[in-house]
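Enquirer: I need the structure of the sequence given here:
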Amino acid sequence: MTNLDGPTLRAVRESIGVPLRRIARQAGMSHGHLSKVERGEHGRPVTPAIMAAYERVTGVRLAEAAVSVAQRRDRDTGRRGRSWRPGQLTDMRRQAFNAAIGAIAIGGHLGEPTGRLIDSTGRPVTPTPPELVDVAQLEQVTDLLTGLDLRYGGGLVSQLSKALLRWAVVMLDAAGMVDPVPVRLSAAVSGLAARAGWAAFDTAAHEAARSLFRLALYTAARAGDPDLRAHVLADVAAQHNQLGYHLDALEVVRLAEGDERVQPGVRMVLHGVKARAYAAVGDVAACRHHIGLAENAYELARTGERGAPGWVERLAQPAHLAAATGHALATAAHHTGEPADLPEAEQRLAAAVAGFDPTIHARPRALCLARLAGLHLAARDLDQGAQHTRQALDAVAGVRSARLIHAIAQLRATAAGHPDQSELRGLVEEIDASIGPPDAEPGPEEE
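Expert: Predicted structure coming up:
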């Protein structure tokens, strides 16, 4: 009985001559609502309550009557000389549809709001029970969204990911799943939630990011995947670092450090985040220690036995290591003020910029450019600073990232501190033209 659709429900009612208004009146339901249910409009489902109301008013068992209707459809010939098939229309509705298509094709109006048109297609339906083929598609979609996030920033990806998660989480508790589907599904949802969380963080939607990171961590634990769990914790710690909660970042990373199952590529990320946190609190020795550990983990990942998941192996890339350690050393150099610390930070960030393909990793490359520009401006190497700032500005048009906007706004403040330099005055004007004046630039947790 749960497989009845609206047109079948209508056919059953009409076959026994019961007016729709009688059902609506006696069941206490809206005539308009029931009419839309019968026509299958706006995604209105045939609920158990509706089926019970029809059975109560008509006095027939819908399941048995539906079988009779289906048999009659197969037997009878319609007005157009063909047996009835699902999706066929009455002549009036068919002609109305063709008229609408003709009008739209020559530039006419749609006739209704686009949102209402999408609503009429019905609610997304999840596979029940899900199978490995469904999980595989979810994994591939996550890979696609990861690529879009790295290239274009988190703006669109955060919204697409959340829409997909609303569809995917329904499957987590579906009955009838056969091993290994539950584990693979939990891991796939974790990967998607982690990407959604990172994209939300990148757009400064920090509360949304926190909720998504919680979901990602829960499903990673449910999947029993130590690498996913550790990587989500690294993402949480990175968000803490961005917002100035450096001690919290260190505590979060410690939750993953004791797990010896974590692959070297993920350990590299953990040590990079930890190095940045230590640099921010002024513990330069600890920062350098974890930079060394990140480098060791990178070497293990590159030379050790293969077998890690593809996403883990992709972490251990030279540009990723150079970016993580370069950002940490840039922060350390700010605290120490030692002239010797700056060249190493600049060298690592420059290596990251050279290693990131702008057609694939546009956002991390632009963030490294902005940090590199800041180092040169702080060292009064104004020509190089202005050059790297303009390179970072070039990326703004194609990357939707609140982190990048915030980094460039910091460059503006540094450049504005040199009012005697005409080139930097022009640079400030270029920045304002690109991202707006300071009042329009939100803080890291204000968007």
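Enquirer: can you give me the helices for the stretch 251-400 of the chain?
Expert: Applying DSSP state H, counting those that start in this stretch to the stretch 251-400 of the chain gives helices spanning 264-280, 284-303, 310-315, 318-336, 341-355, 362-378, 382-396.
Enquirer: what separation do you get for the closest residue in space to Leu89 that isn't next to it in sequence and Leu117?
Expert: Nearest non-adjacent residue to Leu89, counting by Cβ to Cβ, 6 or more residues apart in numbering: Phe97, 6.7 Å away. Just so you know, the C-beta spots here come from the backbone N, C-alpha and C atoms, and that holds for glycine as well. Going from Phe97 to Leu117 by Cβ to Cβ, to the nearest Å gives 13 Å.
Enquirer: again, but for Gly17
Expert: The gap separating Gly17 from Leu117 is 34 Å, by Cβ to Cβ.
Enquirer: ok, those two, which is more surrounded?
Expert: A side-by-side neighbour count of Gly17 and Leu117, using other Cβ atoms under 10 Å, places Leu117 first with 12 against 7.
Enquirer: can I take it that the more buried one is in a strand?
Expert: No. Membership of Leu117 in a strand is not supported by DSSP: H, G, I helix; E, B strand; the rest coil, which gives helix.
Enquirer: so who does it touch?
Expert: Contact analysis of Leu117 by Cβ atoms under 8 Å, 6 or more residues apart in numbering lists Leu110.
Enquirer: so how many other residues sit close to the closest residue to Lys162 other than its chain neighbours?
Expert: Distances taken as Cβ to Cβ, 6+ apart put Ala196 closest to Lys162, at 5.7 Å, once the chain neighbours are dropped. Using other Cβ under 10 Å, Ala196 has 30 neighbouring residues.
Enquirer: would you confirm that Ala196 contacts Leu212?
Expert: Yes. The pair Ala196 and Leu212 qualifies as a contact (Cβ atoms under 8 Å) at a distance of 4.7 Å.
Enquirer: what is in contact with those two at once?
Expert: 161-162, 165.
Enquirer: top of those by neighbour count?
Expert: Result: Ser161 is most packed of the shared contacts of Ala196 and Leu212 (other Cβ under 10 Å), 28 neighbours.
Enquirer: what helix or strand is the closest residue to that residue other than its chain neighbours located in?
Expert: Computed as Cβ to Cβ, 6+ apart, the closest residue to Ser161 that is not its neighbour in sequence is Ala196, at 3.3 Å. In this assignment (DSSP states H and E), Ala196 forms part of helix 181-202.
Enquirer: if we can go back for a sec, need the shared contacts of Ala196 and Leu212 in TSV (columns: pLDDT).
Expert: Formatted as TSV, these follow (pLDDT from 0 to 100):
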residue	pLDDT
Ser161	97
Lys162	96
Leu165	96
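Enquirer: tell me the SS of Glu112?
Expert: Strictly by three-state DSSP, Glu112 counts as coil.
Enquirer: what distance do you get for it to Ala100?
Expert: With Cβ to Cβ as the criterion, Glu112 and Ala100 are 10 Å apart.
Enquirer: the more surrounded of the two?
Expert: Ala100 (15 against 11).
Enquirer: model confidence for the more buried one, exactly?
Expert: If you check Ala100, the pLDDT there is 86.
Enquirer: show me the shaky parts of the chain.
Expert: 1-3, 15-16, 65, 68-86, 305, 339-340, 439-447 (pLDDT under 70).
Enquirer: okay, now the domains of it?
Expert: 6-76, 85-113 (automatic domain parsing).
Enquirer: cool, thanks, talk later.
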